[in-house]
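**Q** Pasting a predicted model and its sequence here:
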4 protein chains.
Amino acid sequence: MIIVMSANASREQIDNVEKKLSSLGFRTHPIFGDVKTVIGAIGDRRLLDTHSISTMPGVENLVPIMKPYKLAGRELKQVPTIVKVGNAEIGGEKIAVMAGPCAIENEASYIETAKRVKEAGANILRGGAFKPRTSPYDFQGLEEDGLKIMASAREVTGLKLVTEVVDTRDVDLVASYADIIQIGARNMQNFRLLKEVGMHKKPVLLKRGLSATIEEWLMAAEYIIAEGNPDIILCERGIRTFETATRNTIDMSAIPVVKELSHLPIVVDPSHATGSWKYVSALSKGAIATGADGLIIEVHLEPNCALCDGPQSLRPSKFAQLMEELKKVSAAVGRQI
Amino acid sequence: MIIVMSANASREQIDNVEKKLSSLGFRTHPIFGDVKTVIGAIGDRRLLDTHSISTMPGVENLVPIMKPYKLAGRELKQVPTIVKVGNAEIGGEKIAVMAGPCAIENEASYIETAKRVKEAGANILRGGAFKPRTSPYDFQGLEEDGLKIMASAREVTGLKLVTEVVDTRDVDLVASYADIIQIGARNMQNFRLLKEVGMHKKPVLLKRGLSATIEEWLMAAEYIIAEGNPDIILCERGIRTFETATRNTIDMSAIPVVKELSHLPIVVDPSHATGSWKYVSALSKGAIATGADGLIIEVHLEPNCALCDGPQSLRPSKFAQLMEELKKVSAAVGRQI
Amino acid sequence: MIIVMSANASREQIDNVEKKLSSLGFRTHPIFGDVKTVIGAIGDRRLLDTHSISTMPGVENLVPIMKPYKLAGRELKQVPTIVKVGNAEIGGEKIAVMAGPCAIENEASYIETAKRVKEAGANILRGGAFKPRTSPYDFQGLEEDGLKIMASAREVTGLKLVTEVVDTRDVDLVASYADIIQIGARNMQNFRLLKEVGMHKKPVLLKRGLSATIEEWLMAAEYIIAEGNPDIILCERGIRTFETATRNTIDMSAIPVVKELSHLPIVVDPSHATGSWKYVSALSKGAIATGADGLIIEVHLEPNCALCDGPQSLRPSKFAQLMEELKKVSAAVGRQI
Amino acid sequence: MIIVMSANASREQIDNVEKKLSSLGFRTHPIFGDVKTVIGAIGDRRLLDTHSISTMPGVENLVPIMKPYKLAGRELKQVPTIVKVGNAEIGGEKIAVMAGPCAIENEASYIETAKRVKEAGANILRGGAFKPRTSPYDFQGLEEDGLKIMASAREVTGLKLVTEVVDTRDVDLVASYADIIQIGARNMQNFRLLKEVGMHKKPVLLKRGLSATIEEWLMAAEYIIAEGNPDIILCERGIRTFETATRNTIDMSAIPVVKELSHLPIVVDPSHATGSWKYVSALSKGAIATGADGLIIEVHLEPNCALCDGPQSLRPSKFAQLMEELKKVSAAVGRQI
């Protein structure tokens, strides 16, 4: 950690900061510049309450040198994490494709959709039984009945299931049905929920919050790993910017940045990111070519009858066509689907 | 609701949209422009799944005419809501000032702080017993022990208490101690938590999410009111933008915008918005002059020993001085403190 | 255009708006809803000063139905524009790759770089003679001497040239050397400069402003086309968001959105968008797979000696390797490079 | 400057960086941490091309210690700059109020407006003769005829004039009429225009760019001062964020931040920031209470007939009422108007 002293800090103030750091177990190295003094402090920043330093008289600011995450970072674990779910592997050479409707509406249509996405080549089945909705008047999901329908679809198709949990009180229930537990964007910093899923053994799909930096996203992953669950799949699903032509702005650069900073796999959700099925195919291909480990795509038998997020869902036929195109793009970047 | 048809929509597509709307109980009024046709649809949008329309062939987009919130909006309730907490009234002529440390650390210092902020003129005492922290390695609060300390401070000073709840499982516990339950920025769209506090009778301080639009914020209030709890105090605490000179960007325009759209009172949190005590006084005065109904300010006996958010806390003496300045500014805009 | 009247607008206010619209040559169609009235107005919005309506008593807001751009939009011209520059075609089946250093530093290294990028397969040579720099103390470019060096490189390699103009007074000069005139991100709304390049016959590479919406970007293109120059190449180069892991956030969704709204070709600049050579290869492949018509990439013989933007430049060998990878990705999406 | 080496940097790489820095005239101080090494470098960063360091093998990143601006900053000049324009002083104890219509439309109405704003207590008259407009089809200003009308209004009222210049070719012309030359938000990084106004002796009103950080804004001021013109008035006019309830988001925290970092005065433009006259009064009072040195407010005789930005203009009567309220708020914070 580097402590930058202000231009008019007194010698006494500099000494006080050094003393304080020493008393906390840090070794210090002051560098006296022409205008300002900086102090290098060697030790474990996580053991330190940085505020006790940053508010001392004469201190201008603190510059961290080490990343705040440890278990989620590349510095300690360089080998990529591969999350195994049934036969699928996320983070290895193969591309994973999770597909299905946004919300589960009824058994017949859900199982039909499951069959269609499997036929087209999807590895994992998605579906929402608990839906966080901006309006209290919108459909909030079938809850446990939805989970039961998902289980039937798994039985019929053999596809593993990913579904969201929104309340700490439901984690046991959801974990008893799901193969991958999803933490939605709005709950990325619901730390209690993160801890709760960290105490289960099921892989977690961790969506990036709408206004979360990549560092905060990795810190959310750190919460889960710190509880003992290392099987995390990061999911980029668009960030909030000033642009309104798409619902959110997909941050494609997050793919190589995450690959550099972390060992965790990353998938992309072009359906929620754009809010429009018209852009899903283009961005799915783009995500794979950029290096994503997988995709999560909304597919609905009849998008204009969907109870939720219809406009962003592909029809099964369109999805099947996209899967064909994705095979070519995957091959072009040395991967398979 | 207005349905805009694309320039090349066929007459049949226009007819189909009209038929669909009629079948859903809407009255329709098509307007045939020189290039595009638009269809006016009269009825209760909340009864309609808009996606079933927006994905029909030939539909370009939908333009809502009515606001999505109803109970939180001015359209149905024009009289301002005044939330009463002990002797304090939030939303009336008097300005409410909530003050105290970010986290509760120990009884002695907390009670001392409580006395000092009361002396300076604060109406309500703040303090965090459950702390949402970006890092799993940071101090997470004293939990129920913290609430007990808060209760002692209330006994000693007579100040009413505002404190945050972060988990649906803790709402009963927090409600049994707090006079105002706080929903933090990161939980503004934790809809289960909103519903839970909606089922209690305690006033709710609802912080704006870091990337929440004012409309989404009012929709979050709608969740709480829809469960039966109308006593909501909105709290602007900065939004996330590209600017890094302050931790977040305080959205001062939200004050007059909220006053126009909603009957709910609004307070401002300059401590969390800026992340620096140096800017708190200026923005506190600015918020009151802009029309805010109150402030929530961090005060700590020794900011450079604080376990959390020290750099943004004022010392009691600085806070007392600010209160004197705020009296003048309040009077200048026809209010009292 | 739709005029939404406020819930408490009087019948007289509604009549006044209708009268005003009629006097301006619009046909009007009021729709009386249960709470609000809306008025459909048919006519050419561009002939109307919308403010004269939006500020009338009782008017809540105006909803435009037609896009504000006309010449840049798909509504009037559905066939894609293909910009021809020497043998290269931008916007057709082939992918264009523009490459070269950020700034021109000296003739020998520039010509060497030009040869290397040509060998690797680039179609067009980039280079900056006039550099807009955030700091007045940074290198501002060699100006006309730089243009002369570029011309020599064209002579040697046959590659056509793209270079930036930053001042209306220099447009004639730059146009006399360049094959494509670049308008930088900071000048996207320098309307005088847009008009000036609109009066020349050289193709224009129009970079998106850091905080420009796609609509504003197309309006900037409209300025150029309206002056008589239809040969515009849009260039996505990242927008400003809260994320700081990359210099800007590349808006990959802009590719399919632009393709839907406009007939103009779009290329991507991953070097400026990310600010780091480490992310350039991944995002170049991603851009092509998403549907971009080309790329503009910084290449420097020795990035750590570059006078400008060294960290985002690829070495020629790395660029040559990327070109090989891009050939595969282009083929996978049915295009050639 | 601090150079952070990556965790796996070799001793040789560290030595090379030190050698390079020494050869550039820097004194170096390496600090060997448990995981990473950092190197402190003492010298004038402005003499250094930082890229030549940041791209060296083993370098993770560079941390600047000194601010990039010098003439605009507090470090070298601690006394606040007071810009004098006629009898008005901007940056001293008195609050300056600049008022008038967005665009100049005709002589009679402009002079009438000038009289009204003077009567109400404004110090400076604003008006646009050259208008940057998003659409090429919108009114672009009366150009020199507008400047002549402004000069007449100055003759009649004695008010000094502020007006915008948008093209380097017009700076002489505008400077021959204006008392303060305005650089608009879209031109904040039009560096040629900054240099041009820097070579004149007239004070400059420098608006903040829509997506400019405070640091970039001060760097733009640095461009002007570096050419010899120290009389700069910074103008906060809203930044672009995700919120759409107001046209832009007024960054009120910029006031205390600028006061801390710079000696230059700062005024606020609530009319352009919000885009709606309804919010102008509240935010004008807020800006003054927060510490702004002045305001620039749009006033129009008949806002619903304005050729430009009507919805954000106050009528003269409303403006006069606001001036009365501003007198009280100014007094409450120890200033006069």
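**A** Sure, I can see it. Note that the structure is predicted; figures quoted are calculated from it, not measured.
**Q** Which residue is the nearest non-sequential neighbour of A:E144?
**A** Using Cβ to Cβ, 6 or more residues apart in numbering or on different chains and skipping residues adjacent in sequence, the residue nearest A:E144 is A:L173, 6.5 Å away. Where C-beta positions appear, they are placed from N, C-alpha and C, glycine not excepted.
**Q** In terms of helices and strands, where is the one you found?
**A** Secondary structure here is read from DSSP states H and E; on that basis A:L173 sits in helix A:171-177.
**Q** which strands and helices sit next to that helix?
**A** Using 3 or more Cβ pairs under 8 Å, 6 or more residues apart in numbering or on different chains; DSSP states H and E as the contact criterion, the neighbours of helix A:171-177 among helices and strands are helix A:144-157, strand A:160-164, strand A:180-183, helix A:191-198.
**Q** wait, the residue nearest to A:E144 sits on A:L147?
**A** Yes - A contact is recorded between A:L173 and A:L147 when judged using Cβ atoms under 8 Å, the distance being 7.2 Å.
**Q** out of those two, which sits in the busier spot?
**A** Set side by side, A:L173 and A:L147 give different neighbour counts by other Cβ atoms under 10 Å in any protein chain shown, the larger being at A:L147 (22 against 16).
**Q** Quickly list the domain ranges of chain A.
**A** When chain A is parsed into structural domains using automatic domain parsing, the resulting residue ranges are A:2-63, A:83-332.
**Q** Pick out the shakiest of the ones you listed, pLDDT-wise.
**A** Out of the domains of chain A, the stretch the model trusts least by mean pLDDT is domain A:2-63, with a mean of 84.
**Q** does chain D sit close to it?
**A** Yes - taking Cβ under 8 Å from any Cβ of the partner chain as the criterion, domain A:2-63 and chain D are in contact, through A:2, A:4, A:7, A:29, A:31-36, A:38, A:40, A:42-43, A:63.
**Q** Narrow these to those that are buried.
**A** A:2, A:4, A:7, A:29, A:31-33, A:36, A:38, A:40, A:42-43, A:63 (16 or more other Cβ atoms under 10 Å in any protein chain shown).
**Q** between these, which is closest to B:A220?
**A** Sorting those by how near they are to B:A220, with Cβ to Cβ, puts A:V63 at the top with 36.3 Å.
**Q** That closest one - nearest residue in space that isn't next to it in sequence?
**A** A:I2 (4.2 Å).
**Q** quick one: that neighbour from D:K36, how far?
**A** Using Cβ to Cβ, to the nearest Å, one gets 11 Å for the distance from A:I2 to D:K36.
**Q** now the strands: where do they sit in the stretch 1-150 of chain A?
**A** Taking DSSP state E, counting those that start in this stretch as the criterion, the stretch 1-150 of chain A contains strands spanning A:2-5, A:27-32, A:37-42, A:59-63, A:83-85, A:88-90, A:96-100, A:124-126.
**Q** where do the helices sit along chain A?
**A** A:11-23, A:51-54, A:107-120, A:144-157, A:171-177, A:191-198, A:214-226, A:254-261, A:270-274, A:280-290, A:316-332 (DSSP state H).
**Q** The longest one vs helix A:280-290, what angle?
**A** What it means is helix A:316-332. Our comparison of helix A:316-332 with helix A:280-290, counting by axes from the mean of the first three to the mean of the last three Cα atoms, to 10 degrees, yields an angle of 20 degrees.
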